[in-house]
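Enquirer: Fold the following.
(2 chains)
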Amino acid sequence: MRNQAVTYELLHVCKQSGARRGVIHTPHGDIQTPIFMPVGTQATVKSMTPEELKNDVKAQIILSNTYHLYLRPGHKLVEEAGGLHNFMRWDRPILTDCGGFQVFSLSDLRTITEEGVEFTSHLDGSKHFFSPEKVMEIENSLGADIIMSFDECVKYPETYEYTKQSMERTARWAIRCKEAHKNTDKQALFGIIQGGFYEDLRKKSAEDLIKLDLPGYAIGGISVGEPKEEFLKMLYYTAPLMPENKPRYLMGVGTPDYLIEAAIAGIDMCDCVLPTRIARNGTALTSHGKVVVRNQTYARDFTPLDDECDCYTCKNYTRAYIRHLVKANEILGVRLLSLHNLRFLTKLMERVRIEIENDNLLNFRDEFYKKYGYIKE
RNA sequence: GGGUAGGUGGUCGAGUGGUUAAUGGCACCAGACUGUAAAUCUGGCCGCGAGAGCGUACGAUGGUUCGAAUCCAUCCCUGCCCA
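Expert: Have a look, this model is predicted:
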């Protein structure tokens, strides 16, 4: 094997749950896993500075997005700026998503063929074409430590036939991505397992991609609106199909319960926009469940968002004050809530890592669910 | 004192004889949000009722009319202009 940009080191397997405790080595430092990765689509985790992400959230790696940075400001510009790390002043690892999710969610603006995807810019209506080769060119310019191969994220529900066709095409695109990817010593290309909610397709997708011997693998196309039991079924089916000696990434997962389940299934990395999005919409994640702090019940609540949280927001501000900021449409409200929600999830994963080391993750899950207010599955 | 423009639901503001419990914005109340076209979107927002519906409402009072927030009279109040 050539000198790989990214490698995985397994430290411990939880005897109770089978969850993995590990380290991912990258050109911009190590990542302790399992981990939650904040999303910074447009080269910024909305409203957060890199210092806040490092010192307060304690984020080890963040995501950014091929589709959005290609359209604006343009990947060549980012390259000129010295790459994404330099451009946004983030010196820890970055992962860029390939735009496959945008291909899926902006579906009325695109046409998919074997060659690639023609789409219309949501910014100015201009026509563009993404092929696997083009996506690699962009991701190479951006320079993230981990880059995702170009895939199609199929919606839920979708027919067996279409899902099969799409999954096979995604596998063919992965081959082309691997061939087109230039900076293998600096950037690790991860493959994305698709196959919708059909076990045989998931299995086939995993097999096809594993043959490519990529440095890491992701599960895509779940957590797209399906019931939780469907999600869990696919998660627990697919994760064990993935190589044990490489990072396993579950894309787009986000809620505390899903993150814990992902760890138990043997997943190392998750990302989600949820904490920052619901922050902007006036909601906090807490150890006692979701708190819609914008609601009137908190108008005179002079306690922190979460009494167990160690974040800057919780150490300094009350629910009443944050509610006031949110109601008054003050930027600080968005920032304080974003910071808290992100810290809540990174802290949750810190705890998950400890519980794995202590072979106690299942007990922790039950405790967490009880306190959070989830009904145990 | 004279002239003039006005007084509409929490607020701003449409409506100028019937399809008006009354457009819209804001405020307010709640819900949603999972590889970010999201500081967004959806619903509610006079009272009672599960509902059909009933009751009350467009400054006040009195009228015209089958029917008035809309027309008439008087009164009250507000802005501006002139003395």
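Enquirer: Pretty sure A:F130 sits against A:V103.
Expert: Yes. With contact defined as Cβ atoms under 8 Å, A:F130 reaches A:V103; the gap is 7.2 Å. Using the backbone N, CA and C atoms, a C-beta is placed for each residue, glycine as well.
Enquirer: any shared contact partners between these two?
Expert: Both A:F130 and A:V103 are contacted by A:Y67, A:V117, A:F119, under the criterion Cβ atoms under 8 Å, 6 or more residues apart in numbering.
Enquirer: Now narrow those residues to whatever sits close to RNA strand B.
Expert: The subset of the shared contacts of A:F130 and A:V103 within reach of RNA strand B, counting by Cβ under 7 Å from any atom of the strand, is empty.
Enquirer: quick one: which of those residues is nearest A:G289?
Expert: The nearest member of these to A:G289, counting by Cβ to Cβ, is A:Y67 at 33.6 Å.
Enquirer: Around RNA strand B, pick out the residues from the stretch 201-350 of chain A.
Expert: A:218, A:220-221, A:223-225, A:251-255, A:258, A:271-274, A:276-278, A:280-283, A:292, A:294-297, A:299, A:327, A:329, A:331, A:334.
Enquirer: quick one: average confidence on stretch A:341-359?
Expert: In this model, stretch A:341-359 has a mean pLDDT of 98.
Enquirer: Please apply the same query to stretch A:318-333.
Expert: 98.
Enquirer: Show me the contact partners of that stretch.
Expert: A:47, A:282, A:284, A:291, A:293-295, A:298-305, A:313, A:334, A:336-337.
Enquirer: Mark which of the residues you listed are part of strands, please.
Expert: A:A284, A:V291 (DSSP state E).
Enquirer: Buried ones among the residues of the stretch 201-350 of chain A next to RNA strand B?
Expert: A:218, A:220-221, A:223-224, A:251-255, A:258, A:271-274, A:276, A:278, A:280, A:282-283, A:294, A:334 (16 or more other Cβ atoms under 10 Å).
Enquirer: taking the residues you listed one by one, which sit in strands?
Expert: Reading strands off these with DSSP E, I get A:A218, A:D271, A:C272.
Enquirer: Using a markdown table, lay out those together with pLDDT.
Expert: Output for those, formatted as a markdown table (pLDDT from 0 to 100):
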| residue | pLDDT |
| --- | --- |
| A:A218 | 98 |
| A:D271 | 98 |
| A:C272 | 98 |
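Enquirer: Reformat the residues you listed as a markdown table; add distance to A:S205.
Expert: As requested, those are exported to a markdown table (distance: Cβ to Cβ, whole Å):
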| residue | distance to A:S205 |
| --- | --- |
| A:A218 | 11 |
| A:D271 | 20 |
| A:C272 | 22 |
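Enquirer: Which SSE is immediately downstream of the host helix or strand of A:K315?
Expert: Per DSSP states H and E: A:K315 is located in helix A:312-316. Per DSSP H and E, the first helix or strand lying C-terminal to helix A:312-316 is helix A:319-327.
Enquirer: in that following helix, what's buried?
Expert: So, applying 16+ other Cβ under 10 Å, buried residues of helix A:319-327: A:R319, A:Y321, A:I322, A:R323, A:L325, A:V326.
Enquirer: for the residues you listed, which one is nearest A:Y162?
Expert: Nearest member of the buried residues of helix A:319-327 to A:Y162, counting by Cβ to Cβ, is A:V326, at 41.6 Å.
Enquirer: which non-adjacent residue is nearest A:H128?
Expert: A:F119 (5.7 Å; Cβ to Cβ, 6 or more residues apart in numbering).
Enquirer: Using the centroid of chain A, identify the residue furthest from it.
Expert: Within chain A, A:R300 marks the point farthest from the mean C-alpha position, 35.4 Å out by Cα atoms, centre = their mean.
Enquirer: Tell me which helix or strand the closest residue to RNA strand B within the stretch 51-200 of chain A sits in.
Expert: Closest to RNA strand B within the stretch 51-200 of chain A is A:C153: 2.2 Å, counting by Cβ to the nearest atom of the strand. Under the criterion DSSP H and E, no helix or strand holds A:C153.
Enquirer: Please apply the same query to the one 10 residues further on.
Expert: When secondary structure is defined by DSSP H and E, A:T163 falls within helix A:160-180.
Enquirer: Just the CA trace of that helix, in CSV.
Expert: Extracted as CSV, the C-alpha positions of helix A:160-180 are listed here (Å, rounded to 0.1, in the frame of the first residue of the first chain):
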residue,chain,number,x,y,z
TYR,A,160,-35.7,-1.4,-5.9
GLU,A,161,-35.0,-0.9,-9.6
TYR,A,162,-34.0,2.7,-9.4
THR,A,163,-32.1,2.2,-6.2
LYS,A,164,-30.1,-0.7,-7.8
GLN,A,165,-29.4,1.3,-10.9
SER,A,166,-28.3,4.3,-8.9
MET,A,167,-26.2,2.3,-6.5
GLU,A,168,-24.4,0.6,-9.4
ARG,A,169,-23.7,3.9,-11.1
THR,A,170,-22.4,5.3,-7.8
ALA,A,171,-20.0,2.4,-7.7
ARG,A,172,-18.8,3.0,-11.2
TRP,A,173,-18.4,6.7,-10.4
ALA,A,174,-16.2,5.7,-7.4
ILE,A,175,-13.8,3.9,-9.7
ARG,A,176,-13.6,7.0,-11.9
CYS,A,177,-13.0,9.1,-8.8
LYS,A,178,-10.2,6.9,-7.6
GLU,A,179,-8.6,7.2,-11.1
ALA,A,180,-9.0,10.9,-11.2
